[in-house]
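J.: need a structure here:
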Amino acid sequence: MKKNLMWRCMSPSIRKTLLVMKLSFILILVGSLQLSASVLLGQQVSVQAKTSLVDVLEDLNNQTGTYFMYNVNEIDDEIEVQLDMQDASLEEVLNEICKQAPVNYEIVEDFVIITKKDPVPVIKEEQEKKELKGKVTDKDGIPLPGVSVVIKGSSTGVATDIDGNYTLEVEDENAVLIFSFVGMLPQERNYTGQLVLNVELFQDTEGLEEVVVIGYGTITRERSTGATTKVDPVILKNTQNVSYADALIGIVPGMYVEESFSNPDSSPDIILRGIGSISGEVSPLVVVDGVQMPNGFNSSAINSSDIEEISVLKDAASTAIYGSRGSNGVIIINTKRGKKNSKPQVSFNASFGTKRPDKSFRDDIMNASEKLSYEESLGLYPTDDAAAQALLAERRASGNDVDWSNLMLDNEMNQKYDLSIAGGNEKMNYYTSLSYNKVDNIYGSNYERYTASLKFDFEIAKNLTLGLSGTYGNVNNKDRRVTGSPVSNAFLLNPWEEVYDENGDPLRNLSYATNSYGVAYNPLFIRDNTDIKSIRRNVTGNARLTYKPLDWLTLNGNIGGNYNHSKGHNYEKIIIEGGQLTVTNGDNNNVTGTLTASIDKEFDQHSVNVVMGTEFIENEIYSYYGHAKEFLSDAVQIINSAKNIDTQKESKSESGGVSYFTRLNYSYANTYNFTASIRRDGSSRFGDKHKWGNFWALGGSWNIHKNIDKEKSALSTLKLRGSIGTSGNDRIGDFASVSLYDFRESYDGSDVATLNRGDNPELTWEKNKNRNIGLDVGLWRNKLYVTLDFYIRDTYDLINDVQIPLQSGFQNLTSNIGDFRNKGYEISIRSTNFSTKNFMWSTNFNFSYNKSEIRELIEDDRIIELGTVAYKKGNPIASLYLAEWAGVNPETGYNMYVNPDATGADDLLIEYQTNVRTPNESDITASRRVTNKTGNPKYFGGFTNTFRYKNFDASVLISFAGGHYVVNSANHQLRNDVWMNQHKDVNNAWKQAGDQSQLAVRALNYWQPLTRRVDSDYQNSTQFLQDADYVKLKNLTIGYTLDNSLSSKVGIDKLRFYVQAQNLFTITDVDYIDPEYATMGGVGLSSTVLRGYSFGISANF
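T.: Sure, this is the predicted structure:
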C-alpha cells in the first residue's frame, strides 16, 4: 500500500485551518516523530534521477523517514523532475523541485505538504452569483466536518462546518465542484443552477493505511505480521438472520460457518482452520469491546447494527497473546460509539421478510392411494383377516389424502427494527440504541428479541478518559411442540390418516406416529395442548479507564462482565396424560479484568510498540432441572402443584484463571517488522501439577515493495509474512482433572454422596503449535489485492475420556490421548474492476482448503467411536465409520456388505438377512470400518460482487463447500419405516429371484409383522453416503438511495430502500436437506432449504 498519505486540495486559508484541526488524528495514525521544521529540512539527502516527482518523494521518504502528503489527482506520475544533488539538505532539494515543477511545499510539524501551484486566475466578466447549499456525509450518513468544497479551476472554496453543511457562492452555471477530505475519495459534481447539492464521500482504502485490530491494541496493516481478516460491517446488513455470525458465511478465508435452522436464537457453528479438539471447545474465542465472552456465548445476543468492526485472528502471531483461550482463533468485535464534537445523529432501520421451506419432496413421497397399495403388497392387510380387510376398505373409502407438509411447515415471517442516536461535545460522546426482532418461524414458533445499549466516553482530565458501556438483551420464545420433529412429520406421516374430528378439531391419536413405539399422538393435538416458553436475558457491562501520562505511554484498565440467564417452561396439559411440567433455569456468567501498559516510541526509522498486562477471568455456571406430573388443574403450572415431583437436579460450577502477558512490535523504516509475545496462564480447570501453561509466538514481515524500484511499475504492495507459536485450550469443562461425587445412589431411603469419577493430576492443557507463511500482493494502487496463506496447525495432548480397568471403580478417566494436525491454505482476492463517478464494480473471492489427520492416539490401534464418526490414527479428523455396501444379491434379495475380516473367497461378503427370526444386524455392525471420508469440508469459500450505479447498489454472494460427505438417514427412513409414508421407489425393491435392483427386499418383523418394524437396509453404511458438496446463491441485495435533494426536504440526510433474497438456489447431491446443516457427517430429516425474501428501509437524520 502506498505509504504517502493522500492530501486533498483546498483553498490556502481553509487548508491551514483544517490542518490544525485534523493533525492530531493523522499523527496518531502514522506515529511519526515530533521534529522541528529546522531539523527536518536540515537532513542530508542525495538524489540523482530523472523521474517522476512521485518517485522522488518516495525516495526522500526512504532516506529521511519524513512523510509527504499530496493529492494524487494533482501530483501524479506525469510531473517529472531532473535532480543531481549529493549530500544536500532536504530544504535545498525541495526548493529545486519547486523550481522545476508547478508545486509548492510547506512544513507542518514533521509533515511536508506538497500542493500544486494555484493557476493564474482569469479575469471574467462579473456574473450574478448564486448561493449553493448542501451537506457532505459518509456512506452511513454521518456528517463530515472540514470537507473541502472547491470550484474546479479556481481558488474559490469553503469547508463544511461541524454538521457537514456548507454554503458556497457560484456564478458559473457550468461549474464543476470538487469535494475532498483526507482519507476519502474525492468527488466531482456538476453545478447546474440547483439550490441544494448533497454529497456522499467514500473511504479511500488505497490512500489511507488500514488499521488492523489485534489483541489488546491495533497496528497498521503495513506493520502487521499476522494472518488477520478485517470484515466490512456492511456485510452484516446482508442477512435476514438474527445472529451476526450468519452473515460471515462465505466471507472470511479459513472460517467455515454452519448455519443453524432449528431456532432463530440458535448460534451457527464456527470452525476456523479445522477442528482442534475432540471433547473441548472448537469454536473461536469471541471478544466484545475488550471483554472475553464465556463458553457457549450466543452470537444472537449482539445486535448486529451496533457492530462497528469485526476482526478475525487466525495465526500464532495474532492469537498467542490470548494464550489458553486462543487455540481456535479469535473474533474481535468492537461496537459503535459516539464521536466528539458532533451533533446528535439518528439512524433508523426496518426490514420485513419471509422464508419459505422447500416442499418439492412431496413429488417423491406417496399419496394416500399409493401408500395403501404399498402396505397391501407387503401383507399388512392379510386376505384371510376380515378385520384387516375392512380396515383397508375403510381407509380407501375415507378419501383422505393429507398433505402433512402444509400442516407442519408454514412460511416464516420476520421483522426487525433498529434505532440509534450518537453524538458528543468536546468533553464527552455517547451512543445509544434500541432494537426489536420478531420471527414466526416455519415450525410455528414465535420468537421475540429486544436489545438496548448505552455507551459514554468522558474526558475526565487532560490525558485521562473514562469509557462506560452497557447492553441488555431479552429473548422470548414460544414454541409449538409436536410429537417428532415437524420436518420428519411432514415427510413420514401417512396421508390416509384421519386428522380432524367432526368439529374440525385435531383428533387425539393417529394410527401411526414418528415417535417410534410410544402412543401415536396426533402432532396437531399435542401442539394445541402444550405450553412451551423460554426466556433468555443477557447483560453486558464494561468500564474502561485510559491514562496517557506521556505521549509514548498509555495505561489502560478494563473490567467487564457478561451475565446470561435462561429459563424454560414446558407444560403438557392434563388432557394428554394427566399433565406434565418440565422447568429449567440456568446462568452462565463471567467477569474479565485487564490492566495494560502500552509504550509507543519512534526514533529515526525505528518504531517500537510494547504491551505489558495482566488479566483475570472468573466463570460461573448454574443449572436447575425439575420434572413433575399428575396435575389437578392446568391453571397452576408450577412444580409444587403436582402430585408427583419425580426429578429435581441442580448443579453449579466455578472456574477461574489469571494471566500475565507481553508483546513487542518492532518496525524498521516500515519495511522490516517483527513481533514477539509470551503469555503465562493459570487455570483452575487442571490438576495441581499443570495449573500453569506458557504460550509464545514469533512473527515477522518484510514489505518487499519498499526495496524495489517501482518506476512505471504496477506493483503497489509486496509483503512476505511468517509466524510460529503456541496457544492452548482450557475450555474443556470445569473440574475435569479432579474426583467428583454425586447423589444418584440411595441408602436407607435417602440419597447419599458417592464417588462417580476418579482424578487425574497429570491432566494437562490441550496445546496448539501454529505455523503460518503468507504473501500479500497489490497491483495498480492495490486495485487488485491478493493474499495467500499457508498454515500448519498441530494440536497436542488432546483431552477425552478413555476406558480404564473396572478394578479402579470407574469405567472412564479424562486423559490426554493424542495429537491432531490441520494444514491448508487460504486465498483471498479483492479487486476494484471499475470505479467511475457513476459506476463502481468490485469483487471479493476467497477459497480455503484444509486437510486434517490424526497423528497419534493413546494406543495406535485404538478407535474412538462417536456415533457415525470415529477417530483413528492416520485418518482424517471425525472420519465416517461405516459398513461398505456391495449391492443387492439378485438371488436372495438381501443387501450385501464387504467383510473386512474375510479369510477367503467364501466370506468376502456378508448378507444382511432380514426376513428371518433373528436378523444378523450385529454381523453388519461388526463390519464397520473407519473410512477416509469426513463430514468436515475440505474446501469452502465465497464469491462476492458489489455494484453501484448512480443511486443504485447491488451485492451478490455465492458460497460453496466441498470435499465432505454425509450419511443421509432421511433416505433410510423413507425406505425402511414401512408403517410411515415412504419414497415411491420402494415399489422398485427386489421381489423375486433374478431381479436386478438397488433396493433390497422390503422386510417385515418375523414375530410381529403388523405391529413391529425391522430395517431392510443397514443405515450406517455407504448405501446412504452422499457427496455433500454444494454451491449456493446465498445472498442477493439490491438497494436504491434517494437523491439527497429530495430526502433533505423532509429532514433526512440519507434514505435507502432495499430488497434482499437468501438461498435463491442450491446445487447439491444431498437429498431433501439443506447441505449447510450436515453436522459431523450425519444428517436426517432436520431442515429443508429455506428461501428468504425481505424488504427494508434505512434512514439517517
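
J.: CA only for contacts and neighbour counts going forward, please
T.: Noted.

J.: per-domain residue ranges of this structure.
T.: Using automatic domain parsing, the domain parsing of the chain gives 12-116, 130-200.

J.: how about the nearest residue to T764, chain neighbours excluded?
T.: Distances taken as CA to CA, 6 or more residues apart in numbering put H690 closest to T764, at 5.5 Å, once the chain neighbours are dropped.

J.: you'd agree the one you found is up against N760?
T.: No. Between H690 and N760 no contact is recorded; they are 10.7 Å apart, counting by CA atoms under 8 Å.

J.: and the gap between the residue positioned nearest the centre of the chain and S283?
T.: When CA atoms, centre = their mean is applied to the chain, the residue found nearest the centroid is A245 (3.3 Å). Per CA to CA, to the nearest Å, A245 is found 12 Å from S283.

J.: Same check on Y571?
T.: Y571 sits 34 Å away from S283, going by CA to CA.

J.: just I724 next, same as before
T.: The gap separating I724 from S283 is 21 Å, by CA to CA.

J.: how about the residue lying closest to S969 once chain neighbours are set aside, what does it touch?
T.: Leaving aside its chain neighbours, S969 sits nearest to G1084 (4.8 Å; criterion: CA to CA, 6+ apart). By CA atoms under 8 Å, 6 or more residues apart in numbering, the contact list for G1084 reads N968, S969, A970, I1073.

J.: Lowest-confidence entry in these?
T.: Checking pLDDT across the contacts of G1084, the minimum falls on I1073 at 86.

J.: Go ahead and confirm that one touches T1088.
T.: Yes. The criterion here is CA under 8 Å, and I1073 meets it with T1088 at 4.7 Å.

J.: Moving C-terminal from whichever helix or strand R537 is part of, which element do we reach first?
T.: According to DSSP states H and E, R537 maps onto strand 530-550. Proceeding N to C from strand 530-550, the next assigned helix or strand is strand 553-572, under DSSP H and E.

J.: Show me what the mean pLDDT comes to for that following strand.
T.: For strand 553-572, mean pLDDT is 93.

J.: again with stretch 606-620
T.: On average, stretch 606-620 scores 94.

J.: Contacts made by that stretch with the rest, please.
T.: So stretch 606-620 is in contact with 216, 294, 587-602, 652-669, going by CA under 8 Å, 6+ apart.

J.: Over to stretch 685-697?
T.: Against stretch 685-697 from outside (CA under 8 Å, 6+ apart): 316-317, 320-321, 323-324, 655-656, 675-684, 723-728, 730, 732-738, 760-765.

J.: can we see that at 7 Å?
T.: Identification of contacts with stretch 685-697 by CA atoms under 7 Å, 6 or more residues apart in numbering yields 316-317, 320, 323, 655, 676-684, 724-727, 734-738, 761-764.

J.: With just CA atoms, put it into CSV.
T.: Written as CSV, here are the backbone C-alpha positions of stretch 685-697 (Å, rounded to 0.1, in the frame of the first residue of the first chain):
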residue,chain,number,x,y,z
ARG,A,685,-9.5,-26.5,35.4
PHE,A,686,-6.3,-28.5,35.6
GLY,A,687,-4.6,-30.6,38.3
ASP,A,688,-2.0,-29.3,40.7
LYS,A,689,0.9,-30.4,38.5
HIS,A,690,-0.3,-28.5,35.4
LYS,A,691,-2.2,-25.4,36.6
TRP,A,692,0.1,-23.1,34.6
GLY,A,693,0.8,-23.0,30.9
ASN,A,694,3.2,-20.9,28.9
PHE,A,695,2.4,-19.8,25.3
TRP,A,696,4.5,-17.8,22.9
ALA,A,697,4.7,-16.5,19.4
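
J.: in that stretch, what counts as buried?
T.: For stretch 685-697, a neighbour-count test (16 or more other CA atoms under 10 Å) marks R685, F686, G687, D688, H690, K691, W692, G693, N694, F695, W696, A697 as buried.

J.: and the second one, what element?
T.: It refers to F686. Using DSSP H and E, no helix or strand contains F686.

J.: Tell me how far it lies from F735.
T.: Taking CA to CA, one finds F686 at 7 Å from F735.

J.: One more: the fourth one?
T.: Summarising the geometry, the distance separating D688 from F735, computed by CA to CA, is 12 Å.

J.: what about the stretch 301-450 of the chain, any weak spots by pLDDT?
T.: For the stretch 301-450 of the chain, no stretch is flagged by pLDDT under 70.

J.: Sketch out the strands for it, chain order is fine.
T.: 307-313, 330-335, 342-357, 412-424, 428-440, 446-461 (DSSP state E, counting those that start in this stretch).

J.: Next, format those strands as CSV and append distance to I107 and mean neighbour count.
T.: Rendered in CSV, the data for the strands of the stretch 301-450 of the chain read as follows (distance: least, CA to CA, whole Å; neighbours: other CA atoms under 10 Å):
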stretch, distance to I107, mean neighbour count
strand 307-313, 35, 21
strand 330-335, 36, 22
strand 342-357, 29, 20
strand 412-424, 32, 21
strand 428-440, 32, 22
strand 446-461, 31, 19
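
J.: right, and the ones you listed - which one's nearest R975?
T.: Closest approach to R975 among the strands of the stretch 301-450 of the chain (CA to CA): strand 342-357, 22.7 Å.

J.: That closest one packs against which elements?
T.: On a contact count with 3 or more CA pairs under 7 Å, 6 or more residues apart in numbering; DSSP states H and E, strand 342-357 meets strand 412-424, strand 1090-1100.

J.: ok, the shortest one: who's next to it in the sheet?
T.: Using DSSP bridges, the strands paired with strand 1090-1100 are strand 342-357 (antiparallel), strand 1054-1062 (antiparallel).

J.: Which pLDDT value belongs to N673?
T.: 96.

J.: Next, count neighbours for it.
T.: Here the count is done by other CA atoms under 10 Å, and N673 has 23 residues near it.

J.: Mind pulling the model confidence for the closest residue to it other than its chain neighbours?
T.: Nearest residue to N673, sequence neighbours excluded (CA to CA, 6+ apart): S667, at 4.3 Å. We have a pLDDT of 95 for S667.

J.: Does S667 lie in a helix or a strand, and which?
T.: Per DSSP H and E, S667 falls inside strand 642-668.

J.: Partner strands of that strand, with direction?
T.: In the sheet, strand 642-668 lines up against strand 606-631 (antiparallel), strand 672-683 (antiparallel) (DSSP bridges).
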